[in-house]
Each structure stands twice: as structure tokens, then as C-alpha cells.
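Colleague: the sequence isn't on hand, but the structure is:
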């Protein structure tokens, strides 16, 4: 986004994050990410069981994000893992503006947010997100937890079945937003927020709050952020690699395609591969350099939004592979 300040970018980002979406299964503040497991499937009684998980940091929805910005001489880069906050990027800004810390996680992140005046909510779920989670849980196993290998396979299979039946859309499995901007002075900023992988094990931490994975910004080079399978990004620290590629003069598109090739080469688990040997998941990168050049790249065809002096546009990403992850 050209001509914007970091504070304005964060405001725009949070407005997008809080706006109800067109599809009901997406609507709400959290969708169906990270619901804490409970043997009792009656939602009216499950709340009490969820609240008892607070000591371990397991709320119904974990929302975590990272924020970096380069603004004048401020070279701060801060991240946090927060829960129960509707506007986590603003909490991250408070970490950057009011502390000397790099990451604040767990219960301390929530205490910090409360101390800075942010409202902490016990339940960010919607009625629909709870119903979808109960449906997913019903399909894989009544007790929800199998041995780790079987649980991973069953959970992935159930998600693919719900995608094939039209209950979900591919992007709903992740729910991440990245937004990077540059103004007329060439000052660059970026922010990434996420409510996490759908139906993850409580405590799972994805790529979004990890600088160099879900987001990386260097004011002299550019910004890069990601959505999609966080584990694939973490294994390769892709946003950091993209920035280093651009530091060598590589165009944003080519830098993005390089990390997609690395992800493809490093994905060897059979459960993550299609019959043709290619990854069965989505991952996108959104890249901006200090010249204002940009690119959206993805493992498979996708879309992204771009806004400049001509207004907002929806553009197609450059895919590494043909087809779809579920084919």
C-alpha cells in the first residue's frame, strides 16, 4: 500500500481482520481455529472445561501475530503470542513502543495486553465456528485425541473431506492476513496476524509471530509475509530468505519462487504429498521491495489484494505448480 504510515496500515489491517465476511463459515472474530479439546461435546457445558485450561494457556481461540516496522530511525521488531484480544497487532505495537523485549508469549502476553488497557475476552468463537469444530471432531474420533500419527492423518483427512463437500474453503484452514506497505518516502512496514491452523492442538505455534517466517522487514530492502501452511514456512524461514534474495538484487517474484521451490523440495512426508508427489497444501508469499516493486506468489493459483495510487485491486498470484492442493 503506497502513501501510508505504519499506524494507518495497522488500523487498516485490523479493520479487515474484524469485518464480517460474506461466507457464514468465515464470519466472526475467530472462525474455527484452535478450539480446546473437551470430551463433553455439549457446547453449553464445554465452556467450563475450556476455562479450566487457562493455566496452560489454552483458550478457545489463540490469536497470535507479529509486527515489524521501520519508521524513521525506529528499527524495532516485536512479536507476541496473545489470546482473547480482537486487535493483536495493536498489542504488538505496544510491545514495540513500550518495552525493550522482542517476544512476549503465553500468560504474560495476556497480562501485558490487559495492563495496556486491551479487553481480554474468554471466547472469540462464533456459533458457526463451534458447530464446524464439533463436526470435525465427530468425524475423526469421539475422544478427539488418538496417537499422534493417527490423529494427524485423521484430522487432515477430515479437513479434506469437508473441503470436498463444500463446507470449507481452502483459505479457511489457516485464517492469516499479511499486509505490507511503502509510502512516498520509501519507508516500509509490515504486519501479519492469524487465528492459526484450524483445529490445531492447543499450544501449537505457527509461523506468523516468528520474525523471518511469517513476516520479515528490512527498511533498506523490503518486506515479505506469508499465509498458508505455517510449518512449511518455519522449516525454511522463508520470509528471511526472500529478503536476503532481494538484498542481492533479485526481483520480488523471483525471490518468492525460490522459497516455494525450497518448500517443495523439503516436503517429503507422504501425508503431505499428493499422488503426483507435489505438496497437498497451500502457501502464499506477499513481497514488496524498497523500489515499490511487488509480487504475490503461491504453491498453487491463488489471489491477493494490492492497493496503490490507482486504488485497490485483486490480482492473481504467480503459482509454482499447476492445479490445486486438493487434486
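Modeller: Cool, the structure landed. Bear in mind that the values here come from a model prediction, so they are computed numbers and not experimental data.

Colleague: could you use CA atoms for every contact and neighbour count after this?
Modeller: Noted.

Colleague: tell me who's in contact with residue 284.
Modeller: Residue 284 makes contacts with 226-228, 296-299, 302, as judged by C-alpha atoms under 8 Å, 6 or more residues apart in numbering.

Colleague: what about 10 Å?
Modeller: By C-alpha atoms under 10 Å, 6 or more residues apart in numbering, the residues touching residue 284 are 225-229, 233, 256, 260, 296-304, 317-319.

Colleague: in strands only, show me these.
Modeller: Using DSSP state E, the members of the contacts of residue 284 that fall within strands are 225-228, 296-298, 303-304, 318-319.

Colleague: just checking, residue 180 touches residue 218?
Modeller: No. Counting by C-alpha atoms under 10 Å, residue 180 stays clear of residue 218, with 11.6 Å between them.

Colleague: report the separation between the two terminal residues of stretch 212-227.
Modeller: With C-alpha to C-alpha, to the nearest Å as the measure, the ends of stretch 212-227 fall 13 Å from one another.

Colleague: which residues in the stretch 201-327 of the chain form strands?
Modeller: With strands called from DSSP state E, counting those that start in this stretch, the stretch 201-327 of the chain shows them at 215-218, 222-228, 283-289, 294-298, 303-308, 311-316, 318-319.

Colleague: and those as TSV, adding distance to residue 199?
Modeller: Listed next are the strands of the stretch 201-327 of the chain as TSV, based on distance: least, C-alpha to C-alpha, whole Å:
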stretch	distance to residue 199
strand 215-218	23
strand 222-228	15
strand 283-289	18
strand 294-298	23
strand 303-308	24
strand 311-316	28
strand 318-319	27
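
Colleague: right, and those strands - which one's nearest residue 162?
Modeller: strand 222-228 (17.5 Å; C-alpha to C-alpha).

Colleague: related to what we said a few turns ago, of the contacts of residue 284, grab the buried ones for PyMOL.
Modeller: Buried residues among these (16 or more other C-alpha atoms under 10 Å), as a PyMOL selection:
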select buried, resi 225+226+227+228+229+233+256+260+296+297+298+299+300+301+302+304+317+318+319
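
Colleague: where does the residue nearest to residue 91 when sequence neighbours are not counted fall, helix, sheet strand or coil?
Modeller: Once flanking residues are discounted, residue 91 sits nearest to residue 113: 6.1 Å by C-alpha to C-alpha, 6 or more residues apart in numbering. Three-state call for residue 113 (DSSP: H, G, I helix; E, B strand; the rest coil): helix.

Colleague: how far away is residue 113 from residue 175?
Modeller: Using C-alpha to C-alpha, one gets 22 Å for the distance from residue 113 to residue 175.

Colleague: let me know the closest of the ones in strands among the contacts of residue 284 to residue 280.
Modeller: Nearest member of the ones in strands among the contacts of residue 284 to residue 280, counting by C-alpha to C-alpha, is residue 228, at 11.5 Å.

Colleague: thought the closest one was touching residue 286?
Modeller: No. Residue 228 lies out of contact with residue 286 (C-alpha under 10 Å); the separation is 11.5 Å.

Colleague: residue ranges in the stretch 201-327 of the chain under the pLDDT threshold?
Modeller: Judged against pLDDT under 70, the stretch 201-327 of the chain has no low-scoring part.

Colleague: coming back round to it: residue 180 and residue 218: who's more crowded?
Modeller: residue 180 (30 against 23; other C-alpha atoms under 10 Å).

Colleague: are we agreed that the more buried one is in a strand?
Modeller: Yes. Per three-state DSSP, residue 180 lies within a strand segment.

Colleague: now it, which residues is it bridged with?
Modeller: residue 190 (DSSP bridges).

Colleague: where does residue 177 land in three-state SS?
Modeller: Residue 177 - assigned by three-state DSSP - is strand.

Colleague: what's the burial count for it?
Modeller: Using other C-alpha under 10 Å, residue 177 has 21 neighbouring residues.

Colleague: pull out the buried positions in the longest helix seen in the chain.
Modeller: Scanning the chain for the helix with the most residues, using DSSP state H, yields helix 148-164. Buried residues in helix 148-164, defined by neighbour count with 16+ other C-alpha under 10 Å: 152, 154-155, 158-163.

Colleague: give the rounded mean pLDDT of that helix.
Modeller: The predicted model assigns helix 148-164 a mean pLDDT of 74.

Colleague: does residue 102 really touch residue 95, like I thought?
Modeller: Yes. Using C-alpha under 10 Å, residue 102 is in contact with residue 95, at 7.9 Å.

Colleague: between those two, which one's more packed in?
Modeller: Taking other C-alpha under 10 Å, residue 102 and residue 95 do not tie; residue 95 has more neighbours (25 against 14).
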